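Colleague: just need the structure, nothing else, for what follows:
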Amino acid sequence: MLDRLPTSDGPAVRCTRALLSPWARLALLVALLTGAATSVLVWQPQHLVMDGWPQLSGGAAVVLFAAAYGVCAFAFVPRPLLNVAAGALFGTQAGLLSSLAGTVLGAGLSFCLGRVLGRDALRPLLRGRLITSVDRQLSKHGFRSMLAIRLFPGVPFAAANYSAAVSHMRLGPFLLATAIGSIPNTAAYVIAGSRASSPTSPAFLLAMGFIAVTGLGAVLVAVRARRTQSSRSSA
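Modeller: Down below sits the predicted model:
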C-alpha cells in the first residue's frame, strides 16, 4: 500500500534540482567569466603584476607571481604581457618557471570550472563539422591534440581550455600537454622581457624574431583555414 501512494517533491528538493541543473551551472560559469572579464577591464590587474609588484625576492616571489599569473590568465589577461613581466622581474630562468606554473594553473582553473559547470549543458549543443571534429580529436587523442594546440600560437588560450573541458579529455594529459606545449612561445616572451633593456642583444633579437615568425604563421594558417571553410560552405 505504501509503495502505491503518490509522492511529490517538496519545494526544497525542486529548488536543489534547479540549482544543480546543467543550465543553472552553465549560467554560474558565464557569470563567473563575465565577472572576471569585467574585473580585468575595471582594475587592470596586469598593471599591478607588471608595475606594482611587491618587493619580494627568492622563491616566495616566484610562487606568488605564479599564483597571480594563474588567476590573471583565468580572467582573460593576455599571457604575452604576463610573460614579458615575468622576464623583466625575475630574468629568464625564474621568469620561465613562474610563467609556466601560472599557465598550468590558469588552464587548470578554466578546465575544472568548464568541466564541472558547463560540460553537461554544452555537450548536447555540439553541432557542425568543425566543432565535432575538434571534440573527436580532443576526446580520442587528447594529449597529442592539446600539445599541437599549445605549440600553435594562433589558438586562443581560453578557447583551448574550455574546448578540452567540454570534451572527454582527462585533466592529467591536458595539464601535461599545456606545460610542454607552452614552453617555446612562453620562453620567447620571457626572454624578450628579460632583455628589454638591451634591444640589440642577440637573445632579444632571436626572441622577437621567433615571436614574429610564429605570429605570421598563425595568421597565414588562420586565413587559409577560413578560405577552406568558405569554399566548403559554398560548395
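
Colleague: tell me which stretches of the protein form helices.
Modeller: 11-19, 22-43, 45-51, 59-74, 79-113, 119-122, 129-140, 142-151, 157-166, 171-181, 183-194, 202-234 (DSSP state H).

Colleague: with mean pLDDT and mean neighbour count added, can I get the ones you listed in CSV?
Modeller: (Glycine included, C-beta is placed from N, CA and C.) Below are the helices of the chain laid out as CSV (pLDDT from 0 to 100; neighbours: other C-beta atoms under 10 Å):
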stretch, mean pLDDT, mean neighbour count
helix 11-19, 58, 10
helix 22-43, 75, 14
helix 45-51, 60, 15
helix 59-74, 90, 19
helix 79-113, 94, 22
helix 119-122, 66, 17
helix 129-140, 71, 15
helix 142-151, 90, 20
helix 157-166, 88, 22
helix 171-181, 95, 18
helix 183-194, 95, 22
helix 202-234, 79, 12
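
Colleague: wait, G142 touches G172, no?
Modeller: No. Using C-beta atoms under 8 Å, G142 makes no contact with G172, being 9.4 Å away.

Colleague: against S197, how distant is A107?
Modeller: 31 Å (C-beta to C-beta, to the nearest Å).

Colleague: measure G193 to A179 for me?
Modeller: G193 is 20 Å from A179, where distance means C-beta to C-beta.

Colleague: contacting residues for L33?
Modeller: With contacts defined as C-beta atoms under 8 Å, 6 or more residues apart in numbering, L33 is in contact with F76.

Colleague: actually F111, not the one I typed
Modeller: Applying C-beta under 8 Å, 6+ apart, the residues near F111 are N161, Y162, A164, A165, L171, F174, L175.

Colleague: also P184?
Modeller: Going by C-beta under 8 Å, 6+ apart, P184 touches L151, F210, T214.

Colleague: wait, what's in contact with A188?
Modeller: With contact set as C-beta under 8 Å, 6+ apart, A188 has these partners: A207, M208, F210, I211, T214.

Colleague: if anything else comes up later, I'll come back, but that's it for now.
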